[in-house]
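>>> Please work out how this folds:
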Amino acid sequence: MNKIMRGRVPRKGFYIYGRNAVMEVLQNAPDKLAEVFFVQEKGDVLNDVEAIADAARAADVRLTSIESKRAGRLVPHLDSLRLTQGVIAYYTGFEYKSWGEFDERCAALPHSCVLVLDGIEDVGNFGAIIRSAAACGVDAVFVSDFHQAPVSGGVFKTSAGAVNKIDIVQFSGMGQVMESLKKSEYWIYGIDMEEEGVQYPSGNIWQQKFDGRTALIVGSEDKGISTKAKEKCDFIAPIPMENDIESLNVSVAAAVAMYEWKRQQSI
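Below is the predicted model:
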């Protein structure tokens, strides 16, 4: 298992931005922040950052006021500094969870649910998926080390800082991780779009019964779940579509599936 579940792979530090994202880290993992920067031109008055400044001081995180020219050098990939909302922070490095850490925490949970991402390369979608997963209360998000957006400042921004609220487990090899989940008694559901004329023996997403350990798989934005991954799924659970709409954004599809699982747990 250690060969496919990387975990504890340190990434180099990077800059995160946005008031919600920075505040979430200050509240949940302040030891990961080395410095918080407030973007301010001479004579400007920054509003609504007092709570961030107070949280940084309480965590003994350095505060620095910088002008937009320097801010542009810290986050040169952004089209506009407005996306920072006047707040940037240096995050010292993200570490994925290992299978061992995940398994130790969830081994005794009979209704555990995890989300497996099959090649999600769009940063915005990845961040939105993490936010929905944390909100739904799933136990972990599994991500590949290949054809997968890494955790970055953009992911922190689009997840509104939810990265630190859920386990993110990295793996090598979709087939191997699916077999490992099956050995841990997870039923694997491939979440796909309903295709006209295709028969789905187990029915669509609304007809599934999530009454055990559940693994939901969603695929890439353009190709969906890979053929090999589909072959290893226990069930293919399509989302019904109307009005000739062919597909949903992957973050929306993931949220639909996770909330159906959550709905069933509350019955």
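>>> List the residues that contact the nearest residue to Glu121 once chain neighbours are set aside.
Closest residue to Glu121 apart from its sequence neighbours, by C-beta to C-beta, 6 or more residues apart in numbering: Ala149 at 5.2 Å. Glycine gets a C-beta too; all of them are placed from N, C-alpha and C. Going by C-beta atoms under 8 Å, 6 or more residues apart in numbering, Ala149 touches 120-123, 125-126, 155.
>>> Now the buried members of those.
Buried by 16 or more other C-beta atoms under 10 Å: 120, 122-123, 125-126, 155, out of these.
>>> of all these, which comes closest to Asp145?
Ile120 (12.8 Å; C-beta to C-beta).
>>> wait, doesn't that closest one sit right on Val250?
Yes. If you go by C-beta atoms under 8 Å, Ile120 and Val250 touch, sitting 6.2 Å apart.
>>> between those two, what contacts are shared?
129, 218, 220-221.
>>> Most widely separated two among those?
Maximum distance among the shared contacts of Ile120 and Val250 (C-beta to C-beta): 12.1 Å, for Ile129 and Ser220.
>>> quick one, phi psi at His111?
Note on His111: backbone dihedrals following degrees, to the nearest 10 are phi -120, psi 30.
>>> Would you quantify the distance from it to Asn249?
27 Å (C-beta to C-beta, to the nearest Å).
>>> Could you list the domains of this structure?
Under the assignment automatic domain parsing, the domains of the chain span 14-91, 99-265.
>>> Include mean pLDDT when you put those domains into a markdown table, please.
Formatted as a markdown table, those follow (pLDDT from 0 to 100):
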| stretch | mean pLDDT |
| --- | --- |
| domain 14-91 | 90 |
| domain 99-265 | 92 |
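>>> Just name the most buried of these.
domain 99-265 (a mean of 18; mean count of other C-beta atoms under 10 Å).
>>> The contacts of Ala149: which two are farthest apart?
That would be Glu121 and Val155, which, of the contacts of Ala149, are the farthest apart (C-beta to C-beta) at 11.7 Å.
>>> Show me the helices in the stretch 101-250 of the chain, by range?
Ranges of helices in the stretch 101-250 of the chain, per DSSP state H, counting those that start in this stretch, are 123-136, 153-158, 174-183, 227-232, 250-265.
>>> For the last one, give me every contacting residue.
In this structure, residues lying in contact with helix 250-265 by C-beta under 8 Å, 6+ apart are 111, 113, 115, 120, 122, 124-125, 128-129, 132-133, 136-138, 189, 191, 193, 205-206, 208-211, 214, 216, 218-221, 237, 239, 247-248.
>>> Report the angle between that helix and helix 123-136.
On the basis of axes from the mean of the first three to the mean of the last three C-alpha atoms, to 10 degrees, helix 250-265 is oriented at 10 degrees to helix 123-136.
>>> give the contact list for Lys223.
Going by C-beta under 8 Å, 6+ apart, Lys223 touches Gly119.
>>> Can you tell me which helices and strands the one helix or strand Asn20 maps to packs against?
Per DSSP states H and E: Asn20 is located in helix 19-28. For helix 19-28, the contact count by 3 or more C-beta pairs under 8 Å, 6 or more residues apart in numbering; DSSP states H and E identifies strand 33-39, helix 50-58, strand 87-91, helix 153-158 as packing neighbours.
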